[in-house]
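In: Provide a 3D model corresponding to the input given below.
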Amino acid sequence: MNKLYFGDNLDILREHIASESVDLIYLDPPFNSKRDYSVLFKTPKGHESDAQLQAFLDTWHWSEEAEREFNELLHQPNTMVAEMVVALRKFLGENDMMAYVTMMAIRLLELHRVLKPTGSIYLHCDPTASHYLRILLDGVFGPTRFRNEITWKRTSAHNDPTRYGANTDRILFYSKGDKWIWNEIYMPHNEEYLARFRFKDPDGRRYMDDNLSAKGLSGGGYTYEYKGATSLWRVPLTSMQRLDSENRLHFTRNGGIRLKRYLDENKGAPLQALWDDIPPINSQSKERLGYPTQKPLALLERIIKASSNEGDVVLDPFCGCGTAVHAAEKLRRQWIGIDITHLAISLIEKRLKDAFPGIQFEVEGTPKDLGGARNLAERHKYQFQWWATSLVGAQPYQGKKKGADSGIDGLIYFYDTPSFSRRGKGGGPTLGEAKKIVVSVKGGENVSVAMVRDFAHVIEREQAAMGFFVTLAEPTGPMSKESVAFGFYDEPRFGAEYPKLQILTIEGLMSGTERPRYPDLSLGRSTFKRAAVEDMSAEQGKLL
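Out: Here you go, the predicted structure:
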């Protein structure tokens, strides 16, 4: 079941996800915040500006596609949704927000279809559009299926001039039916509450005492004498005797009897709808992979534990950098992730393989052969380039919509010399100076020797150690001669030689008959951040 899909989630849901096949849906869709989000990859100091890439444009406009989806909403079976979007269009007009609402409405209908009757959906959003999204969810799932609006405190403080700091997100929780999977989660009690457990048994068990008297309670009680204490008790004599035999009675100094409540039998405080105990991903976080809007793993683990069981299917249709599928794999759930950018899919693939060595999963929608590569190149130039750079382990270079073509589509940083001038944490030598490799991707059917010459100039201009020329078409003989004439990069430690300009074909990279050649003491860690390896030996712990 574990699958990543590259493509529009509306198409993927309709073509690949069966009705009533999913137990839990988590989605963190773009918020219509009109911001260009950038990915910041891990790079050596001084190279950060090279590593910026526009991940997605979080802006929606009323367009032909929005009009088409709106018309489709009017003719689908859920008339409540149809009437709702008509009313919203009259109120909002044909603007960006209405385009966003339309995009979400048609996808929420498909998400409702694929959810099992006992399934739940968690929609993560911010106040920009949360009120409209809740209206849509009421229309799709029904207002009686609303369970909670969770408030997550995503940062401790936020400086927003002329208004209160916006430091919270909303998570809208709905079930598909009247019976849904639910595992109560308990939080540790605070110190003030724990201080009430001030008594200890000889074996060290802590307890607090509670009233056994029925005085002042309506409904009467039981009057009798027990071990010298006569009162109106809440329990009959037989129950009092049983509690005593179980060491559940606390005999006070003044001759009273009270009930023992043990701390180790207290599950904790039931989790409330205000979540202020999970910090966000900040610049120092070990989890940080550099993807915009990345959410903490603990946040997704909490949701998955509460609303699914081991073996259940978790779906994230806007999976971004894959935190939901990571959490699902860690908690032994099956999972499906969908994203419209190959950049996200590549990052998730790497994240899962780093965190779960030996993991097996399928990736659908990415090229599997040369024909698929040609198809992707024809449909979307930049998605093809992002995919092709991943074949050589490079990070995509800068935003493709900004400025003129620099002749660079990807970057790789590597180290081939240690530094003995300073020592690492373990006392050994650290890595020396970072070297750079530039990557150029050609998705056309024709390539020429002139392109190789131009790329050689790019390598020199960028003062790069090497360059990889990745081509969909077969290189010509003159191209190969030109690349060899550019010379070799000499590895300084052992004198190994590597072609300074390497021509690599998409077909060869996909089949494994070709691979980029360069030395790297960091084993690729200087180009991409690496997720920590997860320990899967322990069983899922208690929900506490």
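In: how much space between the residue nearest to the spatial centre of the chain and residue 133?
Out: Centroid check for the chain by C-alpha atoms, centre = their mean gives residue 323 as the closest residue, at 2.3 Å. Using C-beta to C-beta, to the nearest Å, residue 323 is found at 20 Å from residue 133. No exception for glycine: its C-beta is placed from N, CA and C like everyone else's.
In: buried ones in the longest strand anywhere in the chain?
Out: Assignment by DSSP state E gives strand 115-125 as the longest strand of the chain. Using 16 or more other C-beta atoms under 10 Å as the test for burial, strand 115-125 gives 115-116, 118-125.
In: and if you look at stretch 255-272?
Out: By 16+ other C-beta under 10 Å, the buried positions in stretch 255-272 come out as 257-261, 263, 266, 271.
In: Need the distance between the two termini of that stretch.
Out: Stretch 255-272 has an end-to-end distance of 40 Å (C-alpha to C-alpha, to the nearest Å).
In: mean confidence for it?
Out: In this model, stretch 255-272 has an average pLDDT of 93.
In: What are the contacting residues of that stretch?
Out: If you take C-beta atoms under 8 Å, 6 or more residues apart in numbering as the criterion, stretch 255-272 is touched by 184-189, 193-194, 197, 199, 205-212, 226-229, 231, 240, 243, 247-252, 302, 306, 544.
In: Any of these buried? List them.
Out: Neighbour counting with 16+ other C-beta under 10 Å marks 185, 189, 197, 199, 206-209, 212, 226, 229, 231, 240, 243, 248-250, 302, 306 as buried within these.
In: Which of these fall in helices?
Out: With helices taken from DSSP state H, the overlap with the buried ones among the contacts of stretch 255-272 comprises 240, 243, 302, 306.
In: and which of those residues is nearest residue 145?
Out: Checking those against residue 145 by C-beta to C-beta gives residue 306 as the nearest, at 16.3 Å.
In: Correct me if wrong: the closest one contacts residue 182.
Out: Yes - contact between residue 306 and residue 182 holds when scored by C-beta atoms under 8 Å: they sit 6.8 Å apart.
In: in the stretch 151-300 of the chain, which spans are strands?
Out: 168-175, 186-187, 199-200, 206-210, 222-226, 229-233, 249-251, 257-262, 269-270, 274-275 (DSSP state E, counting those that start in this stretch).
In: would you list those in CSV and tack on distance to residue 395?
Out: Compiled in CSV, these are given as follows (distance: least, C-beta to C-beta, whole Å):
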stretch, distance to residue 395
strand 168-175, 28
strand 186-187, 40
strand 199-200, 58
strand 206-210, 54
strand 222-226, 75
strand 229-233, 73
strand 249-251, 65
strand 257-262, 55
strand 269-270, 44
strand 274-275, 33
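In: For the residue lying closest to residue 75 once chain neighbours are set aside, grab the count of nearby residues.
Out: Nearest non-adjacent residue to residue 75, counting by C-beta to C-beta, 6 or more residues apart in numbering: residue 82, 7.8 Å away. For residue 82, the neighbour count with other C-beta atoms under 10 Å is 18.
In: Phi, psi for residue 82 please.
Out: The phi/psi pair for residue 82 (degrees, to the nearest 10) reads phi -60, psi -50.
In: Residue 73 is in contact with that one, correct?
Out: Yes - assessed by C-beta under 8 Å, residue 82 is found in contact with residue 73 at 5.9 Å.
In: Now the terminal residues of stretch 242-257, how far apart.
Out: For stretch 242-257, the separation between the terminal residues is 14 Å (C-alpha to C-alpha).
In: How far does that stretch sit from its chain's centre?
Out: Averaged C-alpha coordinates place stretch 242-257 at 52 Å from its chain's average position (C-alpha atoms, centre = their mean, to the nearest Å).
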